[in-house]
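A.B. asks: sequence first, then the predicted structure:
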2 protein chains.
Amino acid sequence: MSAAIDFYFDFSSPYGYLMAEQIDAVAARHGRQVNWHPILLGVIFQATGSRPPADGVSSKGTYMLRDFARSARFLGLPYNPPSRFPLPTQNAARAFYWLDGQDGALARQFARAVYRAFFVDDRDISAPETVLEIAEKLGVDRSTLATALQSPEIKARLKREVDAAIAAGVFGSPHVIIDGEAFFGADRLPQIEKWLETGGF
Amino acid sequence: MSAAIDFYFDFSSPYGYLMAEQIDAVAARHGRQVNWHPILLGVIFQATGSRPPADGVSSKGTYMLRDFARSARFLGLPYNPPSRFPLPTQNAARAFYWLDGQDGALARQFARAVYRAFFVDDRDISAPETVLEIAEKLGVDRSTLATALQSPEIKARLKREVDAAIAAGVFGSPHVIIDGEAFFGADRLPQIEKWLETGGF
């Protein structure tokens, strides 16, 4: 089996959600696994000098809200515009990394559930309670996870992951790296598919 | 026949080039014509507060240079990175609008030739001489066009077009508007195709 694909995303990124719903299936069709890496875009923007896509440009902001919803419809995925957006995502990211230490498949299931909670059910995924509730529904012990979320180890792990993402050249979400080749944006999925099919083009 | 599609682009935009090579054929498959509108991104960025996509973010700049070339290969289009980039494009845009006043099909042929001169043959399309030479090869009288490029009428036409683009919500290149629905980026072509096919989704 070829090397795993790296998938970087922020839980507050709508295009990250669209990619999260598709990347595992695309990779599996080509015998690849995916390493999921939640990141904190705020930290990455500060470190790289990058900015949110619309960044105060009102015509672009208006466009993007429409494009989020239309892109989801185009892909046949559910989407409801969150009433609070964007949101801080460090609790969700910490929970992911703690779960990932126990069970990788469960961590990815949790990540997809967090994205759906935010972009379909309009939940406040910044709140620890929401994060704990989502994990609990997947069979995770709530109080163990609540303690883990505050542990120095898990905070350090998230920091390491964000630093590693910056070192790997990640400047936004979603960002996918296959054998050193970077693909930015959910709209690069057709290129990702062709890259996996052909080994590069 | 349904209303024409509006296609806004800057001659210095690589993704504008990729769109220019495809949009007429896609529109024609659905019985639509395309109104081409060269614009000046510098003016639009200043008016809207928008910025060039990479804008000093070095990891994003590196990525985009790779993505330009890869996106062209993905679409089966020729592409060679220009040695001077970006370039001022007011001469090419003025020539387009003057030609458009004579013969719309010729103006579009000229636009595609300018894009290929820049993104395939590494020509300096900012120079009036290059613009005149490209037009001359298409049968245009060189000295008539040279005079037209300096006329107040054609300068005013370009200014009106850029103002109209800003009023229509255009913030980048390529930007396509179909019956009021905006699509930004060459990577929105699959959505454009589906929109034309279904009348909106």
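C.D. replies: Okay, I see it.
A.B. asks: can you tell me which residues in chain A are near chain B?
C.D. replies: Chain A comes close to chain B at residues A:48-51, A:55-60, A:62-63, A:66-67, A:70-71, A:73-74, A:169-172, A:182, A:184-185, A:187-188, A:190-191, A:194, A:201, as judged by CB under 8 Å from any CB of the partner chain. In this view, the C-beta of every residue, glycine as well, is placed from N, C-alpha and C.
A.B. asks: PyMOL command for the buried members of the residues you listed?
C.D. replies: Command for PyMOL that selects the buried part of the residues of chain A next to chain B, burial taken from 16 or more other CB atoms under 10 Å in any protein chain shown:
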select buried, chain A and resi 48+50+51+57+59+60+63+67+70+71+74+169+170+171+172+182+184+185+187+188+191
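A.B. asks: give me the contacts around the lengthiest helix in chain A.
C.D. replies: Counting by DSSP state H, the longest helix found in chain A is helix A:58-75. Applying CB atoms under 8 Å, 6 or more residues apart in numbering or on different chains, the contact partners of helix A:58-75 are A:14-15, A:18, A:21-22, A:53-54, A:78-79, A:81, A:119, A:186-187, B:48, B:50, B:169-172, B:181-182, B:184, B:190-191, B:194, B:201.
A.B. asks: now A:Trp195: which helix or strand?
C.D. replies: In the assignment (DSSP states H and E), A:Trp195 maps to helix A:189-198.
A.B. asks: can you list the weak-confidence ranges in chain A?
C.D. replies: Using pLDDT under 70 as the threshold, the predicted model of chain A has low-confidence ranges A:1.
A.B. asks: ranges for the strands of it?
C.D. replies: With DSSP state E as the criterion, chain A has strands at A:5-9, A:34-38, A:175-178, A:181-184.
A.B. asks: point out the most buried one among these.
C.D. replies: Ranked by average neighbour count under the criterion mean count of other CB atoms under 10 Å in any protein chain shown, the strands of chain A are headed by strand A:5-9 at a mean of 25.
A.B. asks: please enumerate residues in contact with that one?
C.D. replies: A:16, A:19-20, A:23, A:27, A:32-39, A:165, A:168, A:170, A:173-178.
A.B. asks: CA atoms only for that strand, dumped as CSV, please.
C.D. replies: Only the C-alpha atoms of strand A:5-9 are listed here, as CSV (Å, rounded to 0.1, in the frame of the first residue of the first chain):
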residue,chain,number,x,y,z
ILE,A,5,-2.5,11.0,2.4
ASP,A,6,-2.4,14.0,4.8
PHE,A,7,-5.6,16.0,5.2
TYR,A,8,-5.4,19.3,7.0
PHE,A,9,-8.6,21.1,8.0
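A.B. asks: what are the neighbouring residues in contact with the residue nearest to A:Lys194 when sequence neighbours are not counted?
C.D. replies: Excluding its sequence neighbours, the residue lying closest to A:Lys194 (CB to CB, 6 or more residues apart in numbering or on different chains) is A:Phe201, at 6.0 Å. The contact partners of A:Phe201, taken as CB under 8 Å, 6+ apart, are A:194-195, B:70, B:73-74.
A.B. asks: from those residues, pick the one nearest A:Arg160.
C.D. replies: When the contacts of A:Phe201 are compared for distance to A:Arg160 (CB to CB), A:Trp195 wins out at 27.6 Å.
A.B. asks: still on that earlier bit, who does the helix holding A:Trp195 touch, helix- and strand-wise?
C.D. replies: Using 3 or more CB pairs under 8 Å, 6 or more residues apart in numbering or on different chains; DSSP states H and E as the contact criterion, the neighbours of helix A:189-198 among helices and strands are helix A:23-29, strand A:175-178, strand A:181-184, helix B:58-75.
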